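Participant: Okay, structure incoming, though there's no sequence with it:
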């Protein structure tokens, strides 16, 4: 009998957790299917689900509920953060420039390149042989007062952890918006936006046991971004459109679970990773562990 395949690609996506599925199902059926913008009972039930999810995500990352903006996923959140910050800077008469590292997720690199179509420019910071961003290059870029800096917390390919606390400190000192894609960090590292002092932070549901199609951008200063899509004014006008209630509920529950389990889960996964690396290095000559 052929053994069942082992799924070892959780950095790409995760199965939906049973607790998350249980939480979201009522909002896919006759209990909570309403439009959260409607004033009747069905709408109020849906609105209550959205607001509870907002509180849960906020609790998980140390933010305020009003700072949680639900999106269709990490890609949209990255685009909203980067292009939205560039638009806000343009309206203020500031530099329409996005600074990113050379090894960002495609969503960040493409969004930064799109800033050029707004009449702005992009600056790509080099990294060293370990994938660490050059802080000297960052300082030079900050001297020009760009619209924003976007550096991912944990790289999705090689796992390198960037010094985001120090990057945030330098951006804050320069008065520059700092966005970090924390999609691969959340659930593996402690995430507290207040301690990090970032302006914008991206989360994605399907990396932490929620379904695909839901994410969030934490916006700590609403003046830092402008909407990149336009509609009915939901979510403070930053991300209009009828909210994905079931998805938001799923993200809220998954985020709470990930944050609660992180202190125990991180060392467990680290031990498994170290064991795998040790055995591979003992088996494969000249193997190089990247991160």
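Facilitator: Great, that's in hand. Fair warning: this is a prediction, and the values are worked out from it, not measured in the lab.
Participant: what comes into contact with the least confident helix or strand in the chain by mean pLDDT?
Facilitator: The weakest-scoring helix or strand in the chain, judged by mean pLDDT, DSSP states H and E, is helix 193-196 (a mean of 93). For helix 193-196, contacts defined as CB atoms under 8 Å, 6 or more residues apart in numbering pick out 61-63, 67, 164-165, 168, 180, 201, 218, 220. All C-beta atoms are positioned from the backbone trio N, CA, C, and that covers glycine.
Participant: tell me which residues of it are tucked away?
Facilitator: Of the residues in helix 193-196, 193, 196 count as buried by neighbour count, 16 or more other CB atoms under 10 Å.
Participant: other SSEs contacting the helix or strand that it is followed by?
Facilitator: Downstream of helix 193-196, the next assigned helix or strand under DSSP states H and E is strand 200-204. Under the contact criterion of 3 or more CB pairs under 8 Å, 6 or more residues apart in numbering; DSSP states H and E, strand 200-204 touches helix 41-61, helix 74-92, strand 177-181, strand 215-219.
Participant: How far away from the center of its chain is the third one?
Facilitator: Just to be clear, that refers to strand 177-181. Between the centre of strand 177-181 and the centre of its chain there are 9 Å (CA atoms, centre = their mean, to the nearest Å).
Participant: Paired strands for it, with orientation please.
Facilitator: Using DSSP bridges, the strands paired with strand 177-181 in its sheet are strand 148-150 (parallel), strand 200-204 (parallel).
Participant: can you redo the ones you listed as CSV with distance to residue 38, mean neighbour count and mean pLDDT?
Facilitator: Putting the strands paired with strand 177-181 into CSV (distance: least, CB to CB, whole Å; neighbours: other CB atoms under 10 Å; pLDDT from 0 to 100) gives the following:
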stretch, distance to residue 38, mean neighbour count, mean pLDDT
strand 148-150, 36, 28, 98
strand 200-204, 27, 30, 99
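Participant: okay, those in a markdown table with distance to residue 91 next?
Facilitator: Output for these, formatted as a markdown table (distance: least, CB to CB, whole Å):
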| stretch | distance to residue 91 |
| --- | --- |
| strand 148-150 | 14 |
| strand 200-204 | 17 |
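Participant: looking at the ones you listed, which is closest to residue 86?
Facilitator: strand 148-150 (7.0 Å; CB to CB).
Participant: May I see the PyMOL selection of the buried members of the contacts of helix 193-196?
Facilitator: What follows is the PyMOL syntax selecting those of these that are buried according to 16+ other CB under 10 Å:
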select buried, resi 61+63+67+164+168+180+201+218+220
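Participant: quick check, nearest of the contacts of helix 193-196 to residue 236?
Facilitator: residue 67 (9.9 Å).
Participant: Can you list the low-confidence ranges for the chain?
Facilitator: Low-confidence segments of the chain, defined by pLDDT under 70: 291.
Participant: So in it, which helix runs the longest?
Facilitator: The longest helix of the chain (DSSP state H) is helix 245-283.
Participant: Which pair in the contacts of helix 193-196 has the greatest spatial separation?
Facilitator: 67 and 165 (18.9 Å).
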